[in-house]
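Peer 1: What follows is a protein structure lacking sequence information:
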């Protein structure tokens with residue numbers, strides 16, 4: 001029997017579900033950096049899984065952003081402000097679909113999520129509790145451009161990985177569906193760096 005990896009232990013410590021049974025039962029986890037810097041790929045996207053039913057856990061980590069880029073902070077799409085996903089576990093909220101009608105990504109189509117609304121049009125990430133909203137906001141998990149070094153317009157509230165890293169994550173998503181054809185919904189857990 002494999003010991004629970006530290007990341008999954010932290011997920012459980014926060015009161016969330018860790019998926020530990022079976023092959024390719026993916027734990028897709030974002031870790032938001034303590035450093036609140038907009039426009040940087042300074043957070044982590046993680047995927048923890050097993051390749052066989054009782055095999056050892058494997059953990060993959062990629063740089064990402066869990067925050068919107070400076071462009072959208074300064075130019076919000078909505079009058080109530082730019083979305084910043086709130087930490088939490090969003091069970092079955094994602095499924096494969098076309099992001100912006102262009103390519104397959106993990107799209108928030110199946111369940112509501114919570115976001116903070118940053119409406120003061122500056123480059124500082126504001127996560128005020130009284131701005132919290134819940135709903136379907138299209139905060140997808142998708143890719144940035146091939147050579148992107150800054151977030152810029154790539155995120156208006158989405159969780160965004162660099163292109164090559166995104167495709168590594170998507171290969172695991174396809175593996176889960178290959179092993180479990182009826183598991184078409186994906187859970188995303190966003191936690192703070194600890």
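Peer 2: Received the coordinates, thanks. Keep in mind that what you see is a predicted model, and the values were worked out from it rather than measured.

Peer 1: what comes up buried for the lengthiest strand in the chain?
Peer 2: Counting residues, the longest strand found in the chain (DSSP state E) is strand 88-99. Neighbour-count burial for strand 88-99 flags 88-90, 93-94, 96, 99 (criterion: 16 or more other CB atoms under 10 Å). For every residue, glycine as well, the C-beta is placed using N, CA and C.

Peer 1: Stretch 105-117 too?
Peer 2: Using 16+ other CB under 10 Å as the burial criterion, the residues of stretch 105-117 that qualify are 105-108, 110, 113-117.

Peer 1: what do you get for stretch 22-34?
Peer 2: 23-33.

Peer 1: ditto for stretch 139-147
Peer 2: Neighbour count says stretch 139-147 has 139-144 buried, by 16+ other CB under 10 Å.

Peer 1: and if you look at stretch 176-193?
Peer 2: Buried residues in stretch 176-193 (16+ other CB under 10 Å): 176, 186-191.

Peer 1: Turn those into a markdown table, columns for distance to residue 10.
Peer 2: Formatted as a markdown table, these follow (distance: CB to CB, whole Å):
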| residue | distance to residue 10 |
| --- | --- |
| 176 | 22 |
| 186 | 20 |
| 187 | 16 |
| 188 | 15 |
| 189 | 10 |
| 190 | 12 |
| 191 | 7 |
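
Peer 1: Is it possible to get CSV of those that adds pLDDT?
Peer 2: Shown next, in CSV, are the buried residues of stretch 176-193 (pLDDT from 0 to 100):
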residue, pLDDT
176, 98
186, 98
187, 98
188, 98
189, 98
190, 98
191, 98
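
Peer 1: Can you pull out the residues in contact with the longest helix that the chain contains?
Peer 2: Counting by DSSP state H, the longest helix found in the chain is helix 163-179. Helix 163-179 has contacts (CB atoms under 8 Å, 6 or more residues apart in numbering) with 22-26, 28, 45, 47, 49, 60, 62-64, 96, 104-106, 141-146, 148, 161, 183-184, 186.
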